[in-house]
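Give the three-dimensional model of this entry:
(one chain, ligands or ions: 1)
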Amino acid sequence: MNEHALSDRLSCVGAYVPNQARLADIGSDHAYLPVALMLQKQIAYAVAGEVVEGPYQSARRQVRKNRLEEHITVRLANGLAAITPEDRIDTVVIAGMGGPLIRSILEEGQTNQHLAGVNRLILQPNVGEMPLRIWLQDNGYQIIEETILSENDKQYEIIVAEAGQSHYSAKQLFFGPLLMQEKNAVFQKKWQHELQQKYRVIESLQKAKDAQDQKIAALKEQIDWIKEVLA
Ligand code: SAM
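Modelled structure (predicted):
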């Protein structure tokens, strides 16, 4: 992967960035996404935010190599603190991290008013999608698009959210309200795999010395949901 040829995962994330957006890519590593979108003239301006020095330097090098310093600002910052009001960011991407970390970045950003003026969140959690959907619902967002794709035999979900009221059921928060409607082949593959995993976890919990009845009951409920959705 490079700035000219994004991975399928990042291409798919990029496809949800509105034309001529002012984008913040938080956790931007090599800045591949903002650089690629800028080279394709898809975005008007971008901030690439990174909290770790090494990836921050990689992002800076990438922007410099492509002579995009006037259009992409790279900042060493924690989460949405990379954004200033002068950036007039309207679209935020947070991709390639766990759901709980993305959730904590959004929570801190919301508390510190960094999300004011942002119209669209494009989130790609590697794991832990449910806590993220719960955060979106609790904070006045609705999910307008969802995708699941497979890359290198791993499944990735992309959640696109905009301001709006939502009242999702526990099952919709668990599977994704739009993904569970579509139930495409990748979705089926992911949940077949999860089903087997949950059976294995129950088996090992049943062998444990301490009673794990609550955990087992919760897993059994999820197994019933998965079987129902895959049926
Ligand atoms: N977003 C790219 C992608 O999807 O390919 C890079 C993903 S990489 C696995 C995650 C990056 O997020 C790392 O470079 C890490 O340093 C950065 N990161 C983690 N927590 C962060 C935070 N609180 N603020 C900014 N960047 C963060």
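
Which parts of this protein are strands?
Secondary structure of the chain (DSSP state E): strands at 21-26, 43-50, 72-76, 91-97, 120-125, 141-151, 154-163.

what about the first one, average pLDDT?
Spelled out, that is strand 21-26. In this model, strand 21-26 has an average pLDDT of 98.

Parallel or antiparallel, list what pairs with it.
The pairing partners recorded for strand 21-26 under DSSP bridges are strand 43-50 (parallel), strand 91-97 (parallel).

need the ones you listed in JSON lines with distance to the ligand, mean pLDDT and mean neighbour count, can you?
Bear in mind the C-beta positions are built from the backbone N, C-alpha and C, glycine included. Conversion of the strands paired with strand 21-26 to JSON lines gives the following (distance: least, C-beta to the nearest ligand atom, whole Å; pLDDT from 0 to 100; neighbours: other C-beta atoms under 10 Å):
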{"stretch": "strand 43-50", "distance to the ligand": "5", "mean pLDDT": "98", "mean neighbour count": "24"}
{"stretch": "strand 91-97", "distance to the ligand": "3", "mean pLDDT": "98", "mean neighbour count": "23"}
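
Of those strands, give the one that comes closest to residue 197.
Across those, residue 197 has its closest neighbour in strand 91-97 (21.1 Å, C-beta to C-beta).

Serialize the strands paired with strand 21-26 to a markdown table and add fields for distance to residue 57.
As requested, the strands paired with strand 21-26 are exported to a markdown table (distance: least, C-beta to C-beta, whole Å):
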| stretch | distance to residue 57 |
| --- | --- |
| strand 43-50 | 9 |
| strand 91-97 | 18 |
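
Apart from its chain neighbours, what residue comes closest to the residue most central in space within the chain?
Closest to where the C-alpha atoms of the chain average out (C-alpha atoms, centre = their mean) is residue 124, at 2.0 Å. Nearest non-adjacent residue to residue 124, counting by C-beta to C-beta, 6 or more residues apart in numbering: residue 95, 3.7 Å away.

How far away from the center of its chain is the longest helix belonging to the chain?
Longest helix of the chain, by residue count under DSSP state H: helix 185-207. Relative to its chain's centre, helix 185-207 lies at 22 Å (C-alpha atoms, centre = their mean, to the nearest Å).

Mean confidence (pLDDT) on that helix, please.
95.

now do stretch 140-158
The model assigns stretch 140-158 a mean pLDDT of 97.

which ones are touching the residue nearest to residue 28 when sequence neighbours are not counted?
Excluding the flanking residues, the one nearest residue 28 by C-beta to C-beta, 6+ apart is residue 48, at 3.6 Å. Counting by C-beta atoms under 8 Å, 6 or more residues apart in numbering, residue 48 makes contact with 25, 28, 31, 34, 59, 63, 72, 73, 74, 75, 82.

Dump these into a markdown table; add distance to the ligand and neighbour count as well.
Output for those, formatted as a markdown table (distance: C-beta to the nearest ligand atom, whole Å; neighbours: other C-beta atoms under 10 Å):
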| residue | distance to the ligand | neighbour count |
| --- | --- | --- |
| 25 | 7 | 32 |
| 28 | 6 | 30 |
| 31 | 9 | 28 |
| 34 | 10 | 30 |
| 59 | 9 | 25 |
| 63 | 15 | 25 |
| 72 | 14 | 25 |
| 73 | 14 | 19 |
| 74 | 12 | 27 |
| 75 | 9 | 20 |
| 82 | 7 | 26 |
